[in-house]
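Visitor: Dropping a prediction and its sequence here:
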Amino acid sequence: MTPSARIQAAIELLDAIVVAARDQGAAADTLIARYFAERRYAGSKDRRAVRELVYAAIRQLGDRPKSGRAAMLALAQADPDIAALFDGSAHAPAAIGASETAGKIGTAPDWIVAKLLDSGIGEEELPALIDRAPLDVRINRLKPAPEPIEGAEPIAALPDALRLPSGTNVEALEAAKDGAIEVQDAGSQIVTMAAKAAPDMRIVDLCAGAGGKTLALAAAMDNRGVLLATDTDRNRLSRLAPRAARAGATIIETRLLNPTREAEALEDWQGNSDCVLIDAPCSGTGTWRRNPEARWRLTPDRIERLVATQAHVLEIGANLVKPGGALIYIVCSLLDNEGAGQVAHFLGEHPEWSVDQLDLPAGRTHGPGIRLTPAHDDTDGFFVARLKRPC
Ligand SMILES: C[S@@+](CC[C@H](N)C(=O)[O-])C[C@H]1O[C@@H](n2cnc3c(N)ncnc32)[C@H](O)[C@@H]1O
């Protein structure tokens, strides 16, 4: 592909990403993979270059642009070399017209930035929200120690974590193929530690998804005890069993839940879990580094619906905790109404529950829990609280 053709390909992809963000369609990564699956002629260098252009364009625009071209024009405004490639030649984008408008540069839509600031995120922390994320893995202690990985660095106070050089093809590593390492952001590993999982416990991972945190819990339990992983999304949950098999985690039972009828499916777990971990569905404002187009998907309505779902899963989870047991509430959001505010609301409704102070290797105290941010902790953004049911 010529450099101009790469710009044109990035524009086409951005068009699809803009529409998907508006209509809650597929993620940018999925769209990029599909695009190249249909264009086998594009070599690996072309794919990498186009992907980088696409993500550079997405990162710089806080608001969803009107088109892929508007997104690339914003890049062109900052980079004359890119502007020069809008030359109208074969497979190239048309020359830039005098009256064309580029997408608006920013961290996020103004209304979300206002919510972040209201939630105590400082202006100076905003740029880090859309930086490139590091590549972290968790060493799976259920497997023999992996061979040393070139360029891997330890992460302070996290003995099971490694930070790999960016661009490492993790899936190609033997350690990943045999389940000795799992890709997992350091922040995700840290918030899972709030469960204080240990052998012989009974733990429910209520919103387990494809099991990122479930596998970390199984390792902390040394494969002893009972670990129930549930979710309402069949697709995500179905990815857990093969991952668990590869990781050698044998204590995990999965259970698909019917939304609004979760309690019925969990009757046998009512009031008898040592710990219930709720990694609740959320706006994902803490994970924009990985999914920068996610900020183009948010609407006030969508956040309101998420807040209602979070309150719902908190109630479901609380009923499963035994007297004296713990409820761990996690969101990868930095908005207070999803994190500290949600927990404050729960405590208002359940004054007999108390906050269990956490001692985690990173983060800062924020209301009833701990918050990790990309700027302060160099992890994805998370809020986590540990609540105790009275004996
Ligand atoms: C943040 S994701 C979980 C990620 C996962 N824990 C991990 O570490 O990879 C939130 C999950 O909550 C699930 N969910 C949404 N509503 C739910 C409900 N009512 N009961 C259980 N899970 C629910 C979603 O399907 C989604 O998989």
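Guide: Yep, it's here.
Visitor: contacts and neighbour counts: CA atoms only from here.
Guide: Fine.
Visitor: okay, which residue is most central for this protein?
Guide: Centrality entry for the chain: nearest residue to the mean C-alpha point is residue 287, 4.8 Å, by Cα atoms, centre = their mean.
Visitor: where do the strands sit along this structure?
Guide: Under the criterion DSSP state E, the chain contains strands at 135-139, 153-155, 158-164, 181-183, 201-205, 225-231, 252-256, 273-279, 321-331, 354-355, 364-366, 369-372, 382-388.
Visitor: May I have the strands that pair with the last one, each with its orientation?
Guide: Using DSSP bridges, the neighbouring strands of strand 382-388 in the sheet come out as strand 321-331 (antiparallel), strand 354-355 (antiparallel), strand 369-372 (antiparallel).
Visitor: repeat for the third one
Guide: Next to strand 158-164 in the sheet, as set by DSSP bridges, lie strand 135-139 (antiparallel), strand 153-155 (antiparallel).
Visitor: Buried residues, it. List them.
Guide: Residues of strand 158-164 classed as buried by neighbour count (16 or more other Cα atoms under 10 Å): 160, 161, 162, 163, 164.
Visitor: what separates it from the chain centre, distance-wise?
Guide: Relative to its chain's centre, strand 158-164 lies at 18 Å (Cα atoms, centre = their mean, to the nearest Å).
Visitor: ok, now the second one?
Guide: If you compare the mean C-alpha spot of strand 153-155 with that of the full chain, they lie 21 Å apart, counting by Cα atoms, centre = their mean.
Visitor: same check, this time on the shortest one
Guide: Using Cα atoms, centre = their mean, the mean C-alpha position of strand 354-355 is found 26 Å from that of the whole chain.
Visitor: ok, residues contacting that strand?
Guide: The contact list for strand 354-355 (Cα atoms under 8 Å, 6 or more residues apart in numbering) reads 347, 368, 385, 386, 387, 388, 389, 390.
Visitor: hmm, 6 Å instead?
Guide: Contacts with strand 354-355, where a contact means Cα atoms under 6 Å, 6 or more residues apart in numbering, come from 387, 388.
Visitor: got it, and the first one?
Guide: Contact partners of strand 135-139, identified using Cα under 6 Å, 6+ apart, comprise 160, 161, 162, 163, 164, 181, 182, 183, 184, 185.
Visitor: okay, these in a markdown table with pLDDT and distance to the ligand next?
Guide: Output for these, formatted as a markdown table (pLDDT from 0 to 100; distance: Cα to the nearest ligand atom, whole Å):
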| residue | pLDDT | distance to the ligand |
| --- | --- | --- |
| 160 | 95 | 16 |
| 161 | 97 | 15 |
| 162 | 98 | 18 |
| 163 | 98 | 18 |
| 164 | 98 | 20 |
| 181 | 97 | 15 |
| 182 | 97 | 11 |
| 183 | 97 | 10 |
| 184 | 98 | 8 |
| 185 | 97 | 10 |
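Visitor: of all those residues, which two lie farthest apart?
Guide: By the measure Cα to Cα, 160 and 164 form the most distant pair in these, at 13.1 Å.
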